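Q: pasting the sequence and the predicted model now:
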Amino acid sequence: MDLSFLNDQQRAAVRHTEGALLLLAGAGSGKTRVITCRIAYLLKEKRVPAEQIVAATFTNKAAREMKERVVAQVGAGACRGMIISTFHSLGLRLLRDDIGKLGYKSNFSIYGGSDQIRLVRDLLQEVGIKMDAEAVLGRISGAKNRLLPPGAKAPSSEDPVDLAAAGIYPRYQRALKAFNALDFDDILMLTVRLLEEHPPVLRKIRKRFRYLMVDEYQDTNLAQYRLLHLLCAEHGNLCVVGDDDQSIYGWRGAEPENILDFEKDYPGAQIIKLEENYRSSGRILKVANALIRHNAKRREKVLWTSGPEGPPVDYISCEDGEDEARMVVERIHAERFRQKMEYRDFAVLYRTNIQSRAFEEQLRYENIPYVLIGGQQFFDRKEVKDVLAYFKVLVNPLDEVNLLRILNWPRRGIGETSADRLIRASADREVPLWDVLSDPFGIPDLGEKTVQALQQFTGILENYRRRFRQPGFLAETGRRFIKDLGIEDELYRTAEDPARGRRRAENVEEVLNALATYEEREPLPTLAGFLEKVSLLDRDEPVRSSKETKLAKDAVVLMSLHSSKGLEFPCVFLVGMEEDFLPHRKSAGEFFDVDEERRLCYVGITRARRKLIFLNAARRRKFGKLRTREPSRFLGEIPPELLEKGPDGGKSELSPGEQEKTAASFFAGIKALLED
DNA sequence: CCGGTATACCTTTTT
DNA sequence: GGTATACCGG
């Protein structure tokens, strides 16, 4: 196999096939190329059967891209049976056949963010604790990521959130099991439990998976770490690729120590550093290196390039948010014209998704096509979640969270009071809520009308549950179901204006279209399969775009710094370079990890190929109020000679001539005021 | 039981 | 500035 297009380190990594290997791959050092080459090498040179190879990523997009690149190298036939997927898909694949051993049924629901919060909120209310459900859920999730069982979460601290979490966690876990539901953390935690508690399953898996690869290893949490360890404890053929400088998911339970401690965990592991950067110009790398060296705990790496220095890195400080957006658009026009660049060559990166608004408005105003990645997702919309809730309940009648969600939607006269009575009856009789709903006779204080409504409700669900069991006609049956439920009417009826109603009806239509597409593409389509796909969908797919973008794909890209990891653009705007944005101030004000924020900034910088522009605003509208803003401390950590101050950059840094001009216009303004 | 208005709270990042 | 929840009157 020809490996001459790789540098020495890259080639060494590809040829190292047996035993543990840590690839410390700096930003833009060609790590994806190395992984795909390594897979091709295993297949072609080492004659490893494809089904023995497993590569785990964090996003579907990364998995898809990796697969495409391997296929391009060796052909689709040679890849048959190889697993390249996210950790969560891999977990589900392992659980699918054997989850019965853990006391769950195979038609389980998957609970994502809002389902989880709803459940925690209900449990908090049940126990009579008034607290932010999201915060409590965060602690529970943290415990699960660290594989701590409900009992082990002893309230060692005084922190009220911790105490509440300790109390809620066992109930939460019990509820999930009763509802036959897994949350995202369960997918990993239960996979680990399955392999640890059922040796025959572990043996079976180990026999199959002989060569493991992991991308973005710095983002693994303990559950993922343990899973990997279980899978490759015997042969030790584990190749992990990562960059501790790009660890930006600590808040989600990632343990960058996993990458720092790799040799300890896998004695005899080889370590290869990739420091030559093939992406960015010299000036951009200088800025990146200068910034990241302010982090203490890290593996020393210095990115370098044999390429050109490139144009200066600019820093433009603006009056306010609108000004910032205008400036970005102005620079897009200028660069596009001067450098013959396309719209798709530009990316606007920000810390929080709300920051996208101003740029969207400005781009739309100027008729510049754009795509917005992330933010409020299609599948987060209420009507979409409601429709999916119906499907989930069809597949899994025990799913109480979703059952309650649809019980009175569309309005059918089963109000809160009745719902409470039904829930109580379910608890008293110790039977699932669904059973109570289908047989609501003899429940105290339940009105005649309510009983009738319940019978109609459960009747229609039973009817369609039966219909969906017949193979085929998935999309068609789904469409009928929604129609029979009268969902469209409800959307128009409750909408604040007709346009909103139509928009919501279209969203529901989109769900049905997605179901149709799924049915066409899948060899063995099922409703459950569709729901699984939807649950595990990446969040960083494009969500909104200007009209013209839908036709031509040439568009400016708007996204959060987190979403940008792994991508690159010829020209990057790093906006909102202000204290409280970057580094972001946590609402709780407690532990905030400046180092992680700095890495986030580093990730943004290293996305740029030839031109990088920092922007910030002196004032910004927040909660409708105008507030003054401080430049980010990170700008101060970059030696000033590496930054070119933009047009009106740094008021104190004006040239004498400019100062004179400013002074003159100031006095002119005063004079005009006095004359009025 | 439902729909309206007052209100609190908000803004991390996501598989 | 906008949205999700709380409360009240019909």
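A: Structure received. Numbers count the residues shown, from 1 in each chain, chains lettered A, B, ... in the order given.

Q: which residues of the stretch 101-250 of chain A fall in strands?
A: A:109-111, A:181-183, A:211-214, A:238-242 (DSSP state E, counting those that start in this stretch).

Q: hey, C-alpha coordinates of stretch A:459-470 in PDB?
A: Output of stretch A:459-470 as PDB, limited to C-alpha atoms (Å, rounded to 0.1, in the frame of the first residue of the first chain):
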ATOM      1  CA  GLY A 459     -59.300   2.700  21.400                       C
ATOM      2  CA  ILE A 460     -57.600   4.600  18.700                       C
ATOM      3  CA  LEU A 461     -54.200   3.800  20.100                       C
ATOM      4  CA  GLU A 462     -55.000   0.100  20.200                       C
ATOM      5  CA  ASN A 463     -56.300   0.200  16.700                       C
ATOM      6  CA  TYR A 464     -53.200   1.800  15.300                       C
ATOM      7  CA  ARG A 465     -50.900  -0.300  17.400                       C
ATOM      8  CA  ARG A 466     -52.400  -3.300  15.600                       C
ATOM      9  CA  ARG A 467     -52.200  -1.600  12.200                       C
ATOM     10  CA  PHE A 468     -48.500  -0.800  12.700                       C
ATOM     11  CA  ARG A 469     -47.800  -4.400  13.600                       C
ATOM     12  CA  GLN A 470     -48.600  -5.300  10.000                       C
END
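
Q: tell me the mean pLDDT for it?
A: Here stretch A:459-470 scores 94 as its mean pLDDT.

Q: next, the buried residues of that stretch.
A: In terms of neighbour count (16 or more other Cβ atoms under 10 Å), stretch A:459-470 has its buried residues at A:Leu461, A:Tyr464, A:Arg465, A:Phe468. Every C-beta, even on glycine, is put in place using the N, C-alpha and C of the backbone.

Q: then stretch A:338-346?
A: A:Met341, A:Tyr343, A:Arg344, A:Asp345, A:Phe346.

Q: which residues touch it?
A: A:332, A:335-336, A:368-370, A:553-557, A:569-573, A:611 (Cβ atoms under 8 Å, 6 or more residues apart in numbering).

Q: what are the ranges of the helices in the stretch 101-250 of chain A?
A: A:113-127, A:133-145, A:160-178, A:184-197, A:199-208, A:222-232 (DSSP state H, counting those that start in this stretch).

Q: about what we covered before: got a quick PyMOL command for the buried subset of the contacts of stretch A:338-346?
A: Listed next is the PyMOL selection for buried residues among the contacts of stretch A:338-346, using 16+ other Cβ under 10 Å:
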select buried, chain A and resi 332+335+336+368+369+370+555+556+557+569+570+571+572+573+611
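
Q: which of the contacts of stretch A:338-346 fall within helices?
A: Among these, the residues falling in helices (DSSP state H) are A:Ile332, A:Glu335, A:Arg336.

Q: DNA strand C next: which of these are close?
A: Residues of those in contact with DNA strand C (Cβ under 7 Å from any atom of the strand): none.

Q: in a markdown table, list those along with pLDDT.
A: Shown next, in a markdown table, are these (pLDDT from 0 to 100):
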| residue | pLDDT |
| --- | --- |
| A:Ile332 | 94 |
| A:Glu335 | 91 |
| A:Arg336 | 92 |
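
Q: quick revisit: now the helices of the stretch 101-250 of chain A as TSV including mean pLDDT, distance to A:Leu643 and mean neighbour count?
A: Output for those, formatted as TSV (pLDDT from 0 to 100; distance: least, Cβ to Cβ, whole Å; neighbours: other Cβ atoms under 10 Å):
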stretch	mean pLDDT	distance to A:Leu643	mean neighbour count
helix A:113-127	83	39	18
helix A:133-145	87	37	20
helix A:160-178	88	41	19
helix A:184-197	95	41	21
helix A:199-208	94	52	14
helix A:222-232	94	38	21
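
Q: circling back to that earlier point, could I get the buried residues of stretch A:459-470 in JSON lines, plus columns for distance to A:Leu474 and secondary structure?
A: What follows is the buried residues of stretch A:459-470, written out as JSON lines (distance: Cβ to Cβ, whole Å; DSSP: H, G, I helix; E, B strand; the rest coil):
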{"residue": "A:Leu461", "distance to A:Leu474": "17", "secondary structure": "helix"}
{"residue": "A:Tyr464", "distance to A:Leu474": "12", "secondary structure": "helix"}
{"residue": "A:Arg465", "distance to A:Leu474": "13", "secondary structure": "helix"}
{"residue": "A:Phe468", "distance to A:Leu474": "7", "secondary structure": "helix"}
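
Q: from the residues you listed, which is closest to DNA strand B?
A: Proximity of the buried residues of stretch A:459-470 to DNA strand B (Cβ to the nearest atom of the strand) peaks at A:Leu461, which lies at 18.2 Å.

Q: and stretch A:66-76, how far out from the chain's middle?
A: Its chain's C-alpha centre lies 25 Å from the corresponding centre of stretch A:66-76 when counted by Cα atoms, centre = their mean, to the nearest Å.

Q: residues in contact with it?
A: Against stretch A:66-76 from outside (Cβ under 8 Å, 6+ apart): A:32-33, A:35-37, A:39-40, A:43-44, A:55, A:57, A:79, A:82, A:84, A:215.

Q: just flag the most distant two among those residues.
A: A:Lys44 and A:Thr57 (22.0 Å; Cβ to Cβ).

Q: higher neighbour count, these two?
A: A:Thr57 (25 against 13; other Cβ atoms under 10 Å).
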